[in-house]
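J.: quick one, structure for this:
(chains A, B, C and D)
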2 protein chains.
Amino acid sequence: MTRTTADTTPTTVASSSADATRVAVSTVIFALRRLEGGDAARVALPLVRRTRDPHEGQWALPGGWLDIAESLDAAASRTLAETTGLAPSYLEQLYAFGAVDRSPTRVVSIVYWALIRADEISEDAVEPLFATENVQWFDAAALPRLAFDHNEIVDYALWRLRNKVGYSRIAHGLLADEFTLADLREVYEAILGRRLDPANFRRQVENSGTLIPTDRFRTGSHRPARLYRYNQDVELADRGPLDVAH
Amino acid sequence: MTRTTADTTPTTVASSSADATRVAVSTVIFALRRLEGGDAARVALPLVRRTRDPHEGQWALPGGWLDIAESLDAAASRTLAETTGLAPSYLEQLYAFGAVDRSPTRVVSIVYWALIRADEISEDAVEPLFATENVQWFDAAALPRLAFDHNEIVDYALWRLRNKVGYSRIAHGLLADEFTLADLREVYEAILGRRLDPANFRRQVENSGTLIPTDRFRTGSHRPARLYRYNQDVELADRGPLDVAH
DNA sequence: ACAAAAGTGTTAGGGCTACACCCATGG
DNA sequence: CCATGGGTGTAGCCCTAACACTTTTGT
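T.: Residues are numbered from 1 along each chain as shown, chains lettered A, B, ... in the order given. As a prediction, this is how the structure comes out:
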């Protein structure tokens, strides 16, 4: 199986095919992280430092070239794992970016966006990659200037995330199997950037029929909160291209 | 400027680049047409007959190869004009289809969807192309078996159309400058596939602030109906990738 | 006069928001 | 016992659906 390394994220060093359009796949990965000293969780994403021209040294979305024998979805998962060691709990195509001048050579990027559960990002398996200092987490609301058109891409992915959280249950993709309603509400508040009424939030998700209450409670500093799990019968994201395309 | 002809819609006759992934651009074009004998308008789309293998003789979405020096949007407009002679009033990227086996050779198709106004499709300029019998309109609800994965693509485009008509004013893309509320309602009814209450429909669009009443009326067999035009200040489709990407 | 579409009025119900209030636990 | 988050109750508002009703034209 042909594999690329983390260094072969889209680059202009065109060897054999300088006169052809090439297809790259990149992914915007979202997770919830609690920053040092911060009380509330924030939306964060991992970026990789480019080790080649163009934009050497700048931060960019993880990605790589599309292999001739793999689907777009598979390429997104593969490049994601190779560059960051992460395996997303949710992965969806975002948009195809194809402006002529977005890279020195002609590159069409099929961009995906993904969600990672909080309990997955501190696995031992992924830390070594982060330890190389070539992968780093950033607050989605305070990004540096990124390589290529990646700032615009992240902005659009954030818009899609905020939008979709309103009419689907993608918040599940950011939570462990069992969670309290406060956990879930925190996800929504981090994504939407505003506080939600706990009472109304409870009723909304309870009436949606997507949650199954368990017998377990999380005990803490105050009254124990009931743990819930998601109803697997309900689609993670209601409708979408993947459902239609069989 | 490099141009392809209507015959060069995606094909497997790979001459120089059989071992590389190629990028094609196709478009699902929607219009409202009143079928013979039918009382209600229906959603229809033009398809082109393939003149080469694979799938020679089958109907397919209009499209063509992406030129190395043109953006995806430009390629969609160009191939649309070349194959059907149509210039859409609305054009938006739909999805990138990249399954390995969707074509004998590796082709990634960036698919767009477009809307054409009823007053545009009977222009003299476009009829010659349709007269060749290689372009033909089909009822969106009764399509034959299409080439490649184009049936699935149309299904997804239809889903997107039905979805988007609910929260944006893309219906405008199917109407002439001036129209009655009954005209507008007919667009919604054709897209959604169900009748709408005229009274409630009127109040909804009036309260949305997107319509400007004119002094003119359309006289017909009954009480004259006021003509409206769209408020140009309001976005055609609120938010989207194109707005974010500058 | 009559049919039919244009346009107005009215009412009931559901969902959302704001906010008052009780419950249970750790300290 | 008190602070705090968990959890319940409730009233107002807005939007929508349903449908009765009036207006205006062509025939």
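J.: show me which residues of chain A sit near chain B.
T.: Within chain A, the positions near chain B by CB under 8 Å from any CB of the partner chain are A:17, A:19-23, A:66, A:68-72, A:93, A:95-100, A:106, A:108, A:110, A:149, A:152, A:155-156, A:159, A:163, A:239, A:241, A:244-246. C-beta here means a position set from N, CA and C on the backbone, and glycine is covered the same way.
J.: which among the residues you listed end up buried?
T.: Among the residues of chain A next to chain B, those classed as buried by 16 or more other CB atoms under 10 Å in any protein chain shown are A:20-23, A:66, A:70-72, A:93, A:95-99, A:106, A:108, A:110, A:149, A:152, A:155-156, A:241, A:244.
J.: does residue A:77 count as helix, strand or coil?
T.: Assigned by DSSP: H, G, I helix; E, B strand; the rest coil, the conformation of residue A:77 is helix.
J.: near DNA strand C at all, the longest helix belonging to chain A?
T.: Criterion DSSP state H: the longest helix present in chain A is helix A:150-164. No: using CB under 7 Å from any atom of the strand, helix A:150-164 stays clear of DNA strand C, coming no nearer than 14.4 Å.
J.: and the helix or strand just after that helix, which residues are buried?
T.: Going down the chain from helix A:150-164, the next helix or strand is helix A:181-192, by DSSP states H and E. Buried residues in helix A:181-192, counted by 16+ other CB under 10 Å: A:181, A:183, A:184, A:185, A:186, A:187, A:188, A:189, A:190, A:191.
J.: filter these down to the ones near DNA strand D?
T.: residue A:181.
J.: out of the buried residues of helix A:181-192, which is nearest to chain B?
T.: When these are compared for distance to chain B (CB to the nearest CB), residue A:191 wins out at 16.0 Å.
J.: from the chain's centre, how far out does stretch A:73-88 sit?
T.: 11 Å (CA atoms, centre = their mean, to the nearest Å).
J.: give me the mean pLDDT for that stretch.
T.: For stretch A:73-88, mean pLDDT rounds to 95.
J.: buried ones in that stretch?
T.: Residues of stretch A:73-88 classed as buried: A:73-80, A:82-86, A:88 (neighbour count, 16+ other CB under 10 Å).
J.: what sits against the residue lying closest to residue A:98 once chain neighbours are set aside?
T.: What sits nearest to residue A:98 in space, not counting adjacent residues and going by CB to CB, 6 or more residues apart in numbering or on different chains, is residue B:72, at 3.6 Å. Counting by CB atoms under 8 Å, 6 or more residues apart in numbering or on different chains, residue B:72 makes contact with A:96, A:97, A:98, A:99, A:108, B:25, B:66, B:93, B:110, B:112.
J.: spatially nearest residue to the most centrally placed residue in chain A, not counting backbone neighbours?
T.: Among the residues of chain A, the one closest to the centroid is residue A:29, at 2.1 Å (CA atoms, centre = their mean). Spatial nearest neighbour of residue A:29, chain neighbours left out: residue A:114 (4.7 Å); criterion: CB to CB, 6+ apart.
J.: using CSV, write out the CA atom coordinates for the helix or strand containing that neighbour.
T.: Using DSSP H and E, residue A:114 sits in strand A:107-115. Taking Å, rounded to 0.1, in the frame of the first residue of the first chain, the C-alpha atoms of strand A:107-115 are listed here in CSV:
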residue,chain,number,x,y,z
VAL,A,107,-3.8,21.8,-6.2
VAL,A,108,-7.5,21.0,-5.6
SER,A,109,-8.0,20.2,-2.0
ILE,A,110,-10.9,18.1,-0.8
VAL,A,111,-11.3,19.2,2.8
TYR,A,112,-13.0,17.2,5.5
TRP,A,113,-13.9,18.1,9.0
ALA,A,114,-13.7,15.8,12.0
LEU,A,115,-14.6,15.5,15.6
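J.: tell me the helices and strands packed up against the biggest strand by length in chain A.
T.: Taking DSSP state E as the assignment, the strand of chain A that covers the most residues is strand A:22-33. If you count contacts as 3 or more CB pairs under 8 Å, 6 or more residues apart in numbering or on different chains; DSSP states H and E, strand A:22-33 packs onto strand A:42-49, strand A:63-65, helix A:72-84, strand A:107-115, strand A:135-139, helix A:150-164, helix A:181-192.
J.: buried set for that strand?
T.: Buried residues in strand A:22-33, defined by neighbour count with 16+ other CB under 10 Å: A:22, A:23, A:24, A:25, A:26, A:27, A:28, A:29, A:30, A:31, A:32, A:33.
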